[in-house]
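J.: sequence and predicted model, in that order:
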Amino acid sequence: MRKAVSILTLLLTLNLFSFSQTDISRAEALFIYNFSRLIEWPANYKTGPFVIGVIGNSPISGQLEGFTSGKQVGSQPIQVKKFSSAAEISTCHILFVPFSETKNLESMLPKLSGKSTLVITEKGGAIDEGAAINFVVIGDKLKFELSPGNISTRQMQMSSKLNEMAYKVY
């Protein structure tokens, strides 16, 4: 009996974790879509598909694909592109680096040198490493930190609304 209760407790805990992870991924996908409307990319980034890259195996890929299906940024259709490793990274408007991949952030950033890519992470301290936006969970709310300097360094301009929405600005 005690073993059955332990197994049931473990299964319920795992289901709650999965549920909360899905909620976070869904919220992050919504934030990322909204960020795409609050950043101005250079003229040479306004043709072809609007590419949102996701590095590694993250549940946010599926959330982004579902949420952005049939949507556009300006006149550009949104395309979600998955990269298995830093070596695969190609030109994209936004690159989401999940927590599990932030240990490789230092090797990813040189691949983006000279490119107007909005780098979004979910690890404390990633702003100092070059991320423009970093997701944080405060209490039970998803918020984000912002580095306007890391955005302008990549030749992008941001709406003042983004600055107002940020939990913390560096």
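T.: Nice, I can see it.
J.: quick one: buried residues of the lengthiest strand in the chain?
T.: When the chain is parsed with DSSP state E, its longest strand is strand 76-83. By neighbour count on 16 or more other C-beta atoms under 10 Å, the buried set for strand 76-83 is 76, 78, 80-81, 83. For the C-beta atoms, the positions are set from N, CA and C on the backbone; glycine is no exception.
J.: could I get the full set of strands for the protein?
T.: 39-40, 50-55, 72-73, 76-83, 94-97, 118-121, 133-138, 141-146, 157-158, 168-169.
J.: residue contacts, the residue found closest to residue 87 once you drop the neighbours it is linked to in the chain?
T.: Using C-beta to C-beta, 6 or more residues apart in numbering and skipping the chain neighbours, the partner closest in space to residue 87 is residue 111 (8.0 Å). Taking C-beta atoms under 8 Å, 6 or more residues apart in numbering, we find residue 111 in contact with 86-87, 89.
J.: buried subset of the residues you listed as a ChimeraX selection?
T.: Applying 16+ other C-beta under 10 Å to these leaves a buried subset, and the ChimeraX line that selects it is:
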select :86,89
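J.: make JSON lines out of the contacts of residue 111 and add distance to residue 58 and pLDDT.
T.: Listed next are the contacts of residue 111 as JSON lines, based on distance: C-beta to C-beta, whole Å; pLDDT from 0 to 100:
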{"residue": "86", "distance to residue 58": "14", "pLDDT": "87"}
{"residue": "87", "distance to residue 58": "18", "pLDDT": "89"}
{"residue": "89", "distance to residue 58": "14", "pLDDT": "93"}
